[in-house]
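Q: What follows is a predicted protein model with its sequence.
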Number of protein chains: 2
Amino acid sequence: MKRELKGCIFDLDGVIVDTAKYHLYSWQKLASNLGFEFTEEDNEQLKGISRMASLEIVLAKGKVSATEAEKIAMCANKNDWYIEFIKELDRTEILEGVEELLLELREQDIKIALGSASKNARMVLEKLGIMPLFDTIVDGNDVKSSKPDPEVFLKAAKQLGLKPEECVVFEDAEKGLIAAKAGNFKCLGIGTDSRLSIADKQFPNFKGLTLKELRVFWSYQQNKRDSFTKIDEWKLIQDSFNASSNEIIESLCSIGNAQLGQRANFEEYFSGKTFSGSYIAGIYYPDKTKVGWWKNGYPEYFAKVLNSVNWIGLDFWINGKRLDLNTVDILSFNRTLNMKSGILSRECELKLSEDLIIKISSERFYSMTRKDIACLEYKLKVLKGNADIKCSSYFDLDVQNMDSNYDEKFWTDFNTSLSQNIISGEATTKKTGFKIGISQLNKIQHNNTDLNWSDLDMNDAKVIQSTNIHALESDEIKITKYCSIQTSRYQDKSLLIDKSKDSARLASESGFDVLTNEQHEAWSQIWSRADIQISGDVSAQQAIRFNIFHLNQTYDGSDARLNIGPKGFTGEKYGGSTYWDTEAYCLPFYLYTADQVVSENLLKYRHQHLEKAIENATKLGFSNEAALYPMVTMNGEECHNEWEITFEEIHRNGAIAYAIYDYSNHFNDDQYIREFGIDVLVAISRFWAQRVQYSEDLQQYVVLGVTGPNEYENNVDNNWYTNYLAKWCLEYTMGIIKDHHLDQSFQAKTQSLGLSSDELNHWKKISENMYFPYNQKRDIYLQQDGFLNKDLTPVDQLDPIHLPLNQKWSWDRILRSAYIKQADVLQCFYFFEDDFSNEELARHYDFYEPLTVHESSLSPCVHSILAAKLNRKEKAYEMYLRTARLDLDNYNNDTEDGLHITSMAGTWMSIVKGFAGARVKNGEFHFRPCMPDEWQNLKFSAMMQGDMINISLSQDTISFNNDSPNDKVVFVNNQKQTVGANSTLEINYQTIHNSITNEI
Amino acid sequence: MKRELKGCIFDLDGVIVDTAKYHLYSWQKLASNLGFEFTEEDNEQLKGISRMASLEIVLAKGKVSATEAEKIAMCANKNDWYIEFIKELDRTEILEGVEELLLELREQDIKIALGSASKNARMVLEKLGIMPLFDTIVDGNDVKSSKPDPEVFLKAAKQLGLKPEECVVFEDAEKGLIAAKAGNFKCLGIGTDSRLSIADKQFPNFKGLTLKELRVFWSYQQNKRDSFTKIDEWKLIQDSFNASSNEIIESLCSIGNAQLGQRANFEEYFSGKTFSGSYIAGIYYPDKTKVGWWKNGYPEYFAKVLNSVNWIGLDFWINGKRLDLNTVDILSFNRTLNMKSGILSRECELKLSEDLIIKISSERFYSMTRKDIACLEYKLKVLKGNADIKCSSYFDLDVQNMDSNYDEKFWTDFNTSLSQNIISGEATTKKTGFKIGISQLNKIQHNNTDLNWSDLDMNDAKVIQSTNIHALESDEIKITKYCSIQTSRYQDKSLLIDKSKDSARLASESGFDVLTNEQHEAWSQIWSRADIQISGDVSAQQAIRFNIFHLNQTYDGSDARLNIGPKGFTGEKYGGSTYWDTEAYCLPFYLYTADQVVSENLLKYRHQHLEKAIENATKLGFSNEAALYPMVTMNGEECHNEWEITFEEIHRNGAIAYAIYDYSNHFNDDQYIREFGIDVLVAISRFWAQRVQYSEDLQQYVVLGVTGPNEYENNVDNNWYTNYLAKWCLEYTMGIIKDHHLDQSFQAKTQSLGLSSDELNHWKKISENMYFPYNQKRDIYLQQDGFLNKDLTPVDQLDPIHLPLNQKWSWDRILRSAYIKQADVLQCFYFFEDDFSNEELARHYDFYEPLTVHESSLSPCVHSILAAKLNRKEKAYEMYLRTARLDLDNYNNDTEDGLHITSMAGTWMSIVKGFAGARVKNGEFHFRPCMPDEWQNLKFSAMMQGDMINISLSQDTISFNNDSPNDKVVFVNNQKQTVGANSTLEINYQTIHNSITNEI
């Protein structure tokens, strides 16, 4: 339930006024009277300590002993002195920003209370002259229990006539925050102490903590959900079962091996809310397009990722009743995804009746070494009582998609069989005719003794093996499933069953433990390259690993026909197809952490689709082999059907060209361009050359009717980013042709593409006369023509009730506002950073960032990287936080649909390109660190010229660990360094950095 | 099948060269030799007459007699002289434009042939020096049969290696055109003779008849369909049955009475293509919105007009076989809609077997006097043989909509009954809960003897009465159906059956003949007001009556809850709801031709919806009781769901305000404004005041993100028309408030609306500082910001293969082109004509008209009216022709879906406001005629101050016939005239006109 903000409760000391120094002065006076010195440093030990305990410390410092009575007198003296000091307080002692906030609160009729342990609170407020601003005061005189007991805050809320859920507590001490949390208040930590991070949000002080800011915080608190799993470095742990969030956990704990993947559905029957999904890479269905109003040129279908065979199926009837976690009494529950090993496990104790308690535990994974293999081990142990248990294990091919435009079923031609204890089946997708074969070897043991399945129930699409067991207390039943899923994408259709049978048998012969060991080993290798370690922030550590884990189980780069779907194997939304995200956001992750072939395969994916991209452009009226790559695709054909996106969001074509540059630059290698890239670059350049038009009025080339990366603008003229990309594509392609004009085989290639000098001259004319919207007064490139006609009120001045815009505003209102969904002009500054000075970047960042609402999961990472580049640590970290735990904390309220896979790569980028400031220029690595203050240490690896180099950052230093036999050149803050073979180099980047910063 | 244009076949005389004068000279020489004079006038009689017959006429003129031999000699002489003349021919004699076209054709490899009856053709071509341009020559020497036999053209085509369907024939004579048509050629008539109108298209000469023009013609011919009914002044006649066009005729011949209406479906069973539709005004279903990508703010439903009870049902089993026009042998067929009386009839002779021929004839209508009554008379006569005939008559409530988003059925809660020979039923719509009751009294006679129905078959939704008859040769069976349909919109739900029963019985007691007479009388009254008579153009006459007929049977203005659906009672497309068409295009028709209350009800319709319009605006983020009227509505709620239309095509709000002005101006009456109009005007003004935004950059108010009337632009900034309307609305509303500032009751009204002087001042500030896109160099208001960046190639320079754009181009290409769907800037010049000079109009017309593709049925009428205003007759007529027969000739290939009802009003406007130049200013009528050259006479009526005045125009004169007892003031070409009571005034407007024109 969402609530309004109705009250604010303030702690006194350290929040409204800094009285700590007067305590210090009082202790110092006592010490001085006793003949010794008590320093500010000594005083640190007294923080959060009672008065009497403090005295003991003071006396110990002076090596003074005293009787109890003397001690009581000393405390009284100390307090008297303190009060004397307090009496001198005046308005000037109010901490900066507090009074302004209090006045704003009163104006808006938000109630104000003091909730302080101090017994002198009223006097202090009187002295400060702000007593009248408070609706009520609760202080040390009014309560029995002190913080962290919530009494003081609860009493304050009650006196305001409010519920704790309607109030914010402002605290500067950990104990106070604990008290607030215990009382169910939202709380803000004021100060920089890391212990305050338990607050719902931390502010260093009240500067800038305006009512607006407070409302933003409140709105976020009302909208956000709690973490669904426990904070852990390596694991996602759900340790109590909540049926309402089951689908969210199913998404979060999805597992896969880049060929097969699955949501974390229960193996056994579950009558509650569940979204069953098992997916196979590259198997899709062309679902008939759904549209309200047809536009010429729309595609006929939207390619849907297919829910495929449910292989995990188990079913238990215990004393005649079906086991169902939705209806039994769950005594304990734990579902854990171990990201270190890629293994999903579950353990729970279930009370089926007063006399019958069982425990089930399961483990399953998709093998990273045997890509057709998935297996699971499931144990059912009787903890109390005994029971007749019918155990069934099955697979089912006749499954349906959650995401289907017309509720169609997508699979057909089922066929099942049993041979040599292996159950098999096959099915074919409608229309696309993909065929899969599954074989499953199901083993069952009763107290470690193998049993045979006594019953077999099969139809065309489903095979069930069953056995009845009478289980006594402490008996254990174990079912192990070895499953192979083969597809016609890799095998002859007639061999699918045989291949899968052989493979399943082989897996069973290896056994679950061996397969598990292989799995550990495989993931260990992945992590050795791709891991990022963050010290000092477990939540951030978990988040980045979560992102890296999912990226790796979604795509391994072994098959150039595959790509990185927006939901990977975790859901069906967005059709699981390919977007420009791959080129703009995902490629760098694979460039840095994987073998070259992985990135090359991502490029080849588009090269394979070139013919389709040309067809697509032709359909839209282009000629001369111009190519427009689709907005969304599975096999190269356009799937998307919103005219403003499909036809107009053409900057994607530029990102695809940019990826070719990115790759070539990263590996300092132009072989790919010469062999394949040039085909794509020429076809894309031809597109731009036709898509521009010459404006007689402007005497320049314009690009009309486009949608930029900021999809909160549609059908605009001259989106600066798009125009820039168009010009860049033409120039880059021309540059390559020029650079290789002496290369005969390359010459032959360009000739075969029919490139004439006339055509190149035309490109040149366009690129030299491209129009860019610009405002002289502000010295700013405009996002598009007419941008300055908009209302430029920054987001933080917008009442948060309007956010998120995409849920609160009608589309036209969004469009005519200046608010930006995701980096657009700034995307250009990110891609082409060397074309602009830091001053230009700062100017544009300061203009566009305040207008950006980041309502795309892809937005904050670019802003984070650019903020880091500008050495704006806080902003960079703020932006980072908006992306890192997006799915884990269900920030967008859509995790149940699946995870935002492509934005995960953006999170990775925020760290490596942002905080570490990593860049590659012609194959050479540059670093310009900008570490968040919150982190102590950051470690990651990067593949440099084929060798894995470990990089570690502290607040001051960057160190390189080069285990390879090759020297490595790196640049830190532009200074060239060499990391010797098999050696480590540590550099204090702060000193260099400062000198660099001063240079600018 | 569409074909390419591959060949052109030219007649010689009068096409390529004018040799007619040489024939005249030769005859004159003969006459002169015989001693008498033969004039050019005399020569007229010789046209299209053989040489010998011509001689007889010449000799008769001179009263000369001659023997047969002498006559032969005279003919030979005449021919010799003729040849002598011909020998003198040279290049200068080629008719203007011909050679250019021939050269263009050759360039484009289009074959050229001559197809002439002349025996001297080769010589003529030699003399003209254009022989080499011809691929082949077929002349009088090569053929056996002369035109109108197609031999000459067929031979020419064959020699070109082409099929007739691939060639165009150019002819100047009716016989030549007949020959071309007989040969299946497309043909162009060259010349102004009205007999050439049988050509597929007529051109006065070759000036401007370029290859482009020819291709436009060809493209049109390939795309157009033939007229589906015969040309007749009062009737639509289909005189042979073609199953493939059945649905088109069903639309064209729809009948209705403004409360009930129906497509021209057959009464009896038909297994062929048919689109059954019976509709009831105001009965709708909120069909769940269908959409590809949901946008915030979209409505939940689209209101669908409902197919309702099928009351015409008859069914015949003849000798055990069901009568079905789709399978029997149709000997003759005639389906006729008589627009004069609103009666639909059919007559056909059917051969059921060698021994059995029958004739069926039917008549039916919806009573214009008894709005719940529909009746039909159906006769089946045995012409040959005899037969056992099972006759059934029924109604069926369980019908389905053709237009349904999710194939739902929309009716429920059926109930049927029989009492006192009347069969009754009731049904209720889902969701909306409209209830209807139907009662039907079915009479059957055998040879004029009443029979009883012997069988009754009923279920919840359908009641069938049947009787078996043994019919002998010449026997006649007659079934008469008297049907009453009552709805809960007018009656208590519990009384529907009783009311309908009483009404049906009453109708049957009156009898079919009396009801028919009532119908004739009612339509006669309508026509006396609304008819337009055009002399000299039967096709145009039929077309305008067709339009007037449908407008009158769609809406009669008796119920302010009803409006004019885009398809009326003729189909279901566009939801049958209300669009801005009503205010912008339909209102003037009712202002001129109906009682004031009819127009007032159209305004009240919107007034009733004001609350919903305010809700709608509130939903989109507006406040302070601002109203945004829906784009499409049934009950005031928005139905449409395309963001660029629904949210952005806001000029509709302006048209609704304009209609209030239009009405008040027409009747010179502000009572409506004071009582109701002001509510709407204030709410609309409040909308504009919030929808504008102040541009700091321009220091003016702008309107961002709109779609103008030209829907080929979306989400543009500062559509000039919209900005103009916004300013006008504010000023008009402020003006009214100012004008009535002494009126106390009006003051109370505006106070109750909460209008403050602050608000009015804000409006004033906006209206005084509105921004208008304008280009200094061209002195042109721009359709929107950035319009001049577009490619401004006019439509006529566009290869016609691209037309219509909405079928050929993808949406983005349309959007970034300059092509205009319908009047936009020019709509403003139409609405606010007095704000602009004729020079300004001409300048804008010349800029925007060439860019307009008229791909909306509402476009040409405005262009026609403005062209007439500019005295550009040809353009005005060209535009008129594009709208007048739109449906009759199925120009847009969608007549089967129903008729374009609202654009019919536009056709009416083209005549009255265009050709007659009628305007009303403060209740006074002005005329500035601009008659098409093609028309001899134009007559129409207009209600002037409550009296019907007949107006008649010739090429020179306008005359007014005032039968009323009141003098009438009219202005003709700005000159004030008075038409006395009971008198007629004729004025030569040409003389006045010319003086006026000269003044400018």
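A: Done, it's in.

Q: Flag the shaky bits of the stretch 451-600 of chain A, pLDDT-wise.
A: Within the stretch 451-600 of chain A, the ranges that satisfy pLDDT under 70 run A:576.

Q: What ranges does it have for its helices?
A: A:496-510, A:512-530, A:538-554, A:581, A:587-593, A:596-608 (DSSP state H, counting those that start in this stretch).

Q: Check which helices and strands the first one sits against.
A: Spelled out, that is helix A:496-510. Here helix A:496-510 touches strand A:373-384, strand A:422-429, strand A:435-446, strand A:476-487, going by 3 or more Cβ pairs under 8 Å, 6 or more residues apart in numbering or on different chains; DSSP states H and E. C-beta here means a position set from N, CA and C on the backbone, and glycine is covered the same way.

Q: For the shortest one, which outside residues touch it?
A: Read that as strand A:422-429. Around strand A:422-429, the neighbours that count as contacts under Cβ atoms under 8 Å, 6 or more residues apart in numbering or on different chains are A:283-285, A:306, A:308-309, A:395, A:397-398, A:410-418, A:434-442, A:458, A:461-463, A:465, A:496-497, A:500-501, A:504-505.

Q: what's the burial count for the closest residue to A:A427 other than its chain neighbours?
A: For A:A427, ignoring the flanking residues on the chain, the nearest one in space by Cβ to Cβ, 6 or more residues apart in numbering or on different chains is A:L397 at 4.2 Å. Residues within reach of A:L397, counting by other Cβ atoms under 10 Å in any protein chain shown, total 25.

Q: residues contacting A:L397?
A: Counted by Cβ under 8 Å, 6+ apart, A:L397 has contacts A:308-309, A:411, A:414, A:416, A:425-427, A:438, A:461-462.

Q: Show me which pair in those is furthest apart.
A: A:S308 and A:T416 (14.9 Å; Cβ to Cβ).

Q: near chain B, which residues of the stretch 251-400 of chain A show up?
A: By Cβ under 8 Å from any Cβ of the partner chain, the residues of the stretch 251-400 of chain A that approach chain B are A:289-293, A:295-297.

Q: top of those by neighbour count?
A: A:G297 (20 neighbours).

Q: Check for me that it belongs to a strand.
A: No - counting by DSSP: H, G, I helix; E, B strand; the rest coil, A:G297 is located in no strand; its state is coil.

Q: how about it, phi and psi?
A: phi 100, psi -10 (degrees, to the nearest 10).

Q: for it, what are its contacts?
A: Neighbours of A:G297 in contact, by Cβ under 8 Å, 6+ apart: A:619-620, A:643, A:646-647, B:810-812.

Q: Please identify the helix or strand for the residue in the stretch 351-500 of chain A positioned nearest to chain B.
A: With Cβ to the nearest Cβ as the measure, A:N405 is the residue of the stretch 351-500 of chain A nearest to chain B, at 8.8 Å. For A:N405, there is no host helix or strand (DSSP states H and E).

Q: how about the spatially closest residue to it that is not a sequence neighbour, secondary structure?
A: Spatially, and ignoring its direct neighbours in sequence, A:N405 is nearest to A:K290 (4.1 Å; Cβ to Cβ, 6+ apart). Classification of A:K290 by three-state DSSP places it in coil.

Q: Wait, A:K290 touches A:D407, no?
A: No - the pair A:K290 / A:D407 is not scored as a contact, 11.1 Å apart, by Cβ atoms under 8 Å.

Q: Mind pulling up the pLDDT for the most centrally placed residue in chain A?
A: The C-alpha lying nearest the average C-alpha coordinate of chain A belongs to A:A884 (Cα atoms, centre = their mean; 3.9 Å). Looking at A:A884, its pLDDT is 87.

Q: Could you check how many residues crowd around the closest residue in space to it that isn't next to it in sequence?
A: Closest residue in space to A:A884, ignoring its immediate chain neighbours: A:A543 at 4.1 Å, by Cβ to Cβ, 6+ apart. A:A543 has 25 neighbours, counted by other Cβ under 10 Å.

Q: residues touching A:A543, list them.
A: Contacts here follow Cβ under 8 Å, 6+ apart; on that basis A:A543 touches A:884-885, A:888, A:907.

Q: Kindly check the end-to-end length of stretch A:40-59 for me.
A: Criterion Cα to Cα, to the nearest Å; first-to-last residue distance in stretch A:40-59 is 15 Å.

Q: Just give me how far it sits from the chain centre.
A: 44 Å (Cα atoms, centre = their mean, to the nearest Å).

Q: Counting neighbours, which of the contacts of A:L397 comes out on top?
A: Greatest neighbour count in these, by other Cβ under 10 Å, goes to A:I438: 30 neighbours.

Q: Hmm, that residue is touching A:S500, no?
A: Yes - with contact defined as Cβ under 8 Å, A:I438 reaches A:S500; the gap is 5.9 Å.

Q: what is in contact with these two at once?
A: Common neighbours of A:I438 and A:S500 (Cβ under 8 Å, 6+ apart) are A:424, A:484-486.

Q: could those go into JSON lines alongside neighbour count and distance to A:K939?
A: Below are those laid out as JSON lines (neighbours: other Cβ atoms under 10 Å in any protein chain shown; distance: Cβ to Cβ, whole Å):
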{"residue": "A:S424", "neighbour count": "23", "distance to A:K939": "47"}
{"residue": "A:S484", "neighbour count": "32", "distance to A:K939": "38"}
{"residue": "A:I485", "neighbour count": "26", "distance to A:K939": "37"}
{"residue": "A:Q486", "neighbour count": "27", "distance to A:K939": "40"}
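
Q: Point me to the residue of the stretch 151-300 of chain A nearest chain B.
A: Closest point on the stretch 151-300 of chain A to chain B, by Cβ to the nearest Cβ, is A:G297, at 3.2 Å.

Q: Need the distance between the two termini of stretch A:374-392.
A: OK, stretch A:374-392 end separation, Cα to Cα: 18 Å.

Q: count of neighbours near A:G256?
A: For A:G256, the count of nearby residues is 26 (other Cβ under 10 Å).

Q: For it, grab phi and psi.
A: phi -170, psi 170.

Q: How about A:S859?
A: Dihedral angles (degrees, to the nearest 10) for A:S859: phi -80, psi -50.

Q: Then the one 10 residues further on?
A: Its backbone dihedrals place A:K869 at phi -60, psi -40, with angles given as degrees, to the nearest 10.
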